[in-house]
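Q: Show me how the following folds:
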Amino acid sequence: MMQHPILPPPIVLPVCRYTGIGILGAGFIVDDCHLVAYRSAGLNVRAVASRQLERAEKVARRHGIEVFTTDFSSVMDDTSINVLDIAVPQLAQPELIRQACQRSHIKGILAQKPLAMDPATARELVECCERAGKILVVNQNMRYDHSVSSLKTLLDAGLLGEPVLASIDMRAIPHWMPWARDARSLATYVMSIHHLDTFRYWLGNPDRVLASTRPDPRTQFAHTDGINMYILEFPGGARATSIDDVWAGPAREGVESDIGIRWRVEGTEGLATGTIGWPGWPERVPSTIDFACKRLGGVWHRPRWSEAWFPDAFIGPMADLLVSLETGKLPAISGRDNLGTIALCESVMVAAREHRVTSPLEWLC
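A: Okay, the predicted model is just below:
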């Protein structure tokens, strides 16, 4: 089926692809997503570091990277590297950002989401980068999923009219990384953060949050925020809601599964529905969008594409950073902007824990 001409919007790549990139971390997300996307775009990755030398070498050999090491400092000290891609366990990320700020030749930093596990630390990291003159971008890569960015195009063009109601229904079983066991948040800062940032991308900043959470029956270590449900209220009247269900039924315990992520956005002039293909990983499952609106005849349009969130959307945040360095324009997913997403995560956690309505402004003052 042919793609509608305005969907999805193209990712803007830098004119110069020679900027030296160093990657700290060599886990799955680097090996199967970051480096696959960077290689397709012809970016210049010069070094990869991992605490396990064997792992660093394996990733380097697979992707044609000359330098591999266990010494993170040597990568940061390499003056041929001007951009750092930090992809380490979250609790280790803040200190590496602080160290990168001390290297004058490092001009840009791509940090993983969550930037930090609390608003105060996130704000401190943003201010550290600003003082040091570093461009900080946060890898909120769901914004570059073709389905998500296509919906943003429809909203920006006014084709759906005024937004009325948006919803995301996630039924998926994530693989929790070992570091999640010791973190203060399980689902909110790791899974729900994708959807919270997407709602901000689509609709702006909400001013009120209602939420409820409960532990996930499958996860064996202690945690509170496993299954999240929340409602976001926006100043213009729009409402958004999500069910972030990491249990998804006893699909690992002998019952046939019903796994997937579905979203829906309704406006005064049209509506759109879609799916997110991520739960099908490691299969390449492209996300989808179907939309109908008055200005385009009121009939359903169903554009399709071959690209998938994992790994193709991962070029988006790095391109955002490189283009910002090249042009001087502010990046779309800057660290400063991401403070709004971190504040929204905190709003959900506190609303659920304290059984009260919260506002992200409580953590943005």
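
Q: Check the spacing between residue 165 and residue 355 real quick.
A: According to CB to CB, to the nearest Å, residue 165 and residue 355 sit 24 Å apart. Every residue, glycine included, has its C-beta placed from N, CA and C.

Q: Settle it for me: which of those two has more neighbours?
A: Just comparing residue 165 and residue 355: by other CB atoms under 10 Å the higher neighbour count belongs to residue 165, 13 against 10.

Q: and that one, which of the three is it?
A: strand (DSSP: H, G, I helix; E, B strand; the rest coil).

Q: heads up, I number from 25, so please use that
A: OK, 25 is where the count begins now, so the last one is residue 189.

Q: Check the gap between the closest residue to it other than its chain neighbours and residue 192 for me.
A: Once flanking residues are discounted, residue 189 sits nearest to residue 290: 4.8 Å by CB to CB, 6 or more residues apart in numbering. Look at residue 290 and residue 192: by CB to CB, they are 13 Å apart.

Q: So for those two, which sits in the more crowded spot?
A: Legend: neighbour count by other CB under 10 Å for residue 290 and residue 192, higher for residue 192 (23 against 17).

Q: Surely the residue nearest to residue 189 is in a helix?
A: No - using three-state DSSP, the secondary structure at residue 290 is strand, not a helix.

Q: Correct me if wrong: it contacts residue 188.
A: Yes - between residue 290 and residue 188 there is a contact under CB atoms under 8 Å: 5.0 Å.

Q: rewinding a little: what pLDDT does the residue nearest to residue 189 get?
A: For residue 290, the pLDDT comes out at 98.

Q: now the one 5 residues further on
A: Reading off the per-residue confidence, residue 295 sits at a pLDDT of 98.

Q: can you tell me which residues contact it?
A: Contacts for residue 295 (CB atoms under 8 Å, 6 or more residues apart in numbering) come out as 184, 288-289, 315-317.

Q: can you rerun that using 10 Å?
A: Residue 295 sits next to 178, 184-185, 188-189, 288-289, 314-317, 324 when contact means CB atoms under 10 Å, 6 or more residues apart in numbering.

Q: Give me the phi and psi angles of it.
A: Here is the backbone geometry of residue 295 (degrees, to the nearest 10): phi -150, psi 160.
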